[in-house]
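J.: build me a model:
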Amino acid sequence: MIRPEYLAYFKDLFEGRAAISWQAWFKENDAQLSQDLPRAAYLRLKFQMLDEAEKLLRQAGVEFFVSPLAKREKYYSLLHESVLDDRGRPKESFRRKAYNGAAGQFFDGKLLEARKTLIAFLSKLNRRPIEKRIEEIEDMCFDGEMNFEYGDRELGRMMLEVIAALETGNDLLDPAICRAREVLSRGAG
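T.: Presented below is the predicted three-dimensional model:
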């Protein structure tokens, strides 16, 4: 049986109100969860993480909505603990290295250099297989959107603008480019 306080945390996590992310919460509660739950249920929660938490909420009849922030929480849950802080969120040192250091340049107030580094990062992707390019551009678009809407708005705007400036015409890359344009147009109003 899952404890009511755990269900309350799951609800907060999905609705974007959790004070800590999944990895930090699980680390704090791991021993108790392993005692409370049957081994199979414990392992499902440990390895299927937010998917299993959502399932447990539904089984318990807890009403909740899935905030856009839940996508970010799902991403954080997949990161290795070595790059996370004590709240289960990416460490600044990890964030600063993103996109060949463009985020660090941005944080240091070097906006023009950051933009140039982002453009160079995307340009280098052209030498990679299409599957890798799609993944990197989609990840950057997602990161830009999360920053633009819920984090550092100006960093997110810069990331989305660089993606939105890419030429369309490739059915595999166009969805991320169009998404960046859509997010920027929504935020302009």
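J.: contacts and neighbour counts: CA atoms only from here.
T.: OK.
J.: now stretch 45-64: how far from the chain's centre is it?
T.: Distance of stretch 45-64 from the chain centroid (C-alpha atoms, centre = their mean, to the nearest Å) equals 19 Å.
J.: so for the residue minimising distance to the centre of the chain, what's the pLDDT?
T.: For the chain, the residue nearest the mean C-alpha position is R72 (3.2 Å; C-alpha atoms, centre = their mean). Here, the pLDDT recorded for R72 equals 84.
J.: sec struct for the nearest residue to it once chain neighbours are set aside, please.
T.: Using C-alpha to C-alpha, 6 or more residues apart in numbering and skipping residues adjacent in sequence, the residue nearest R72 is M146, 7.0 Å away. At M146 the chain is in helix, as set by DSSP: H, G, I helix; E, B strand; the rest coil.
J.: for M146, list the residues it contacts.
T.: Neighbour list for M146: L69, R72, G156 [criterion: C-alpha atoms under 8 Å, 6 or more residues apart in numbering].
J.: which residues touch the first one?
T.: Listed by C-alpha under 8 Å, 6+ apart, the contact set of L69 reads F14, E15, G16, M146, Y150.
J.: low-confidence regions, the chain specifically.
T.: The chain contains residues with pLDDT under 70 at 188-189.
J.: domain ranges for it, per the record?
T.: 4-81, 92-188 (automatic domain parsing).
J.: number of nearby residues for G187?
T.: When neighbours are defined as other C-alpha atoms under 10 Å, G187 has 12 of them.
J.: any residues touching the helix or strand hosting it, and which ones?
T.: In this structure, G187 is located in helix 174-188 according to DSSP states H and E. Helix 174-188 is contacted by residues I137, E138, C141, E145, R157, L160, E161, I163, A164, A165, L166, T168 when judged by C-alpha under 8 Å, 6+ apart.
J.: out of those residues, flag the one nearest to D85.
T.: E145 (21.8 Å; C-alpha to C-alpha).
J.: any figure for the gap between that closest one and F106?
T.: 16 Å (C-alpha to C-alpha, to the nearest Å).
J.: which parts of the one helix or strand K124 maps to are buried?
T.: Using DSSP H and E, K124 sits within helix 111-125. Residues L111, A114, R115, T117, L118, I119, F121, L122 are the ones in helix 111-125 that count as buried (16 or more other C-alpha atoms under 10 Å).
J.: with only the CA atoms kept, save that helix in PDB.
T.: The C-alpha trace of helix 111-125 is given here as PDB (Å, rounded to 0.1, in the frame of the first residue of the first chain):
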ATOM      1  CA  LEU A 111      24.900  37.200 -24.900                       C
ATOM      2  CA  LEU A 112      26.400  37.700 -28.300                       C
ATOM      3  CA  GLU A 113      29.000  35.000 -27.700                       C
ATOM      4  CA  ALA A 114      26.200  32.700 -26.300                       C
ATOM      5  CA  ARG A 115      24.100  33.200 -29.500                       C
ATOM      6  CA  LYS A 116      27.200  32.500 -31.700                       C
ATOM      7  CA  THR A 117      28.000  29.300 -29.700                       C
ATOM      8  CA  LEU A 118      24.400  28.100 -30.100                       C
ATOM      9  CA  ILE A 119      24.500  28.700 -33.800                       C
ATOM     10  CA  ALA A 120      27.800  26.900 -34.100                       C
ATOM     11  CA  PHE A 121      26.400  24.000 -32.000                       C
ATOM     12  CA  LEU A 122      23.500  23.600 -34.400                       C
ATOM     13  CA  SER A 123      25.800  24.000 -37.400                       C
ATOM     14  CA  LYS A 124      28.000  21.200 -36.200                       C
ATOM     15  CA  LEU A 125      25.000  18.900 -36.000                       C
END
